[in-house]
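Peer 1: Have a look at this fold, sequence not included:
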């Protein structure tokens, strides 16, 4: 049985290598013919519009499930979280607080910290985080909820790493 499986693996690998080494089909147009068409498209665009460089997200980029992005980094030993919209422009947070949890290399129980508003589009932690800054991080974003109801939050798990 093992011999049959090994034989099938060798035949399959050989066929895939042969298929990759064949020359391209002659009916496929060369890339040089496609380039002038792209140049014509740029000529029809408004010359007054300048192409903006891609926006820069501070820290580790985390895509949000509802659209938009988060930027997370450690500054002077404290977490800072920045909020961005779908076009990566700074925006005001639509949550009341964020809770971070991770397993520190220096401590047995998991570390936890609550981030609160610290600027127009920023959340910060009040507690100092000890290095090394390389761990699996659980992030929970909690919106304001009416009295007596449980808030439905966003939950993310990321591999955080910062030098």
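Peer 2: In hand now; what should we look at? Owing to the predicted nature of the structure, the values given are computational and were not obtained by experimental measurement.
Peer 1: Count the neighbours of residue 80 for me.
Peer 2: Residue 80 has 19 neighbours, counted by other Cβ atoms under 10 Å. In short, each C-beta sits where N, CA and C put it, glycine included.
Peer 1: Show me what the closest residue to residue 118 other than its chain neighbours is bridged to.
Peer 2: Leaving aside its sequence neighbours, residue 118 sits nearest to residue 124 (Cβ to Cβ, 6 or more residues apart in numbering; 3.5 Å). In this entry, residue 124 is beta-bridged to residue 80, residue 116, by DSSP bridges.
Peer 1: For the chain, which segments are assigned as helices?
Peer 2: With DSSP state H as the criterion, the chain has helices at 2-21, 31-44.
Peer 1: mean pLDDT for those: which is lowest?
Peer 2: The minimum mean pLDDT among the helices of the chain belongs to helix 31-44 (a mean of 50).
Peer 1: ok, residue 148 - how many residues close by?
Peer 2: Neighbours of residue 148 (other Cβ under 10 Å): 5.
Peer 1: rewinding a little: the residue nearest to residue 118: what's it in contact with?
Peer 2: 78, 79, 80, 81, 115, 116, 118 (Cβ atoms under 8 Å, 6 or more residues apart in numbering).
Peer 1: Now do the fourth one, the pLDDT please.
Peer 2: If I follow you right, that is residue 81. pLDDT at residue 81 comes out at 96.
Peer 1: ok, now residue 48?
Peer 2: For residue 48, the predicted pLDDT is 57.
Peer 1: do the one 5 residues further on as well
Peer 2: Each residue has a pLDDT score; the one for residue 53 is 73.
Peer 1: now swap in the one 3 residues further on and tell me
Peer 2: In the predicted model, residue 56 carries a pLDDT score of 88.
Peer 1: quick one: it and residue 88, what's the gap?
Peer 2: 8 Å (Cβ to Cβ, to the nearest Å).
Peer 1: Quick one: the strands in this protein, in order.
Peer 2: 60-63, 69-75, 78-84, 97-102, 111-117, 122-125, 133-142, 154-162 (DSSP state E).
Peer 1: Tell me which of the ones you listed sits most buried.
Peer 2: Per residue and on average, the most neighbours among the strands of the chain fall to strand 78-84, with a mean of 21 (mean count of other Cβ atoms under 10 Å).
Peer 1: same for that one, what does it pack against?
Peer 2: strand 69-75, strand 111-117, strand 122-125 (3 or more Cβ pairs under 8 Å, 6 or more residues apart in numbering; DSSP states H and E).
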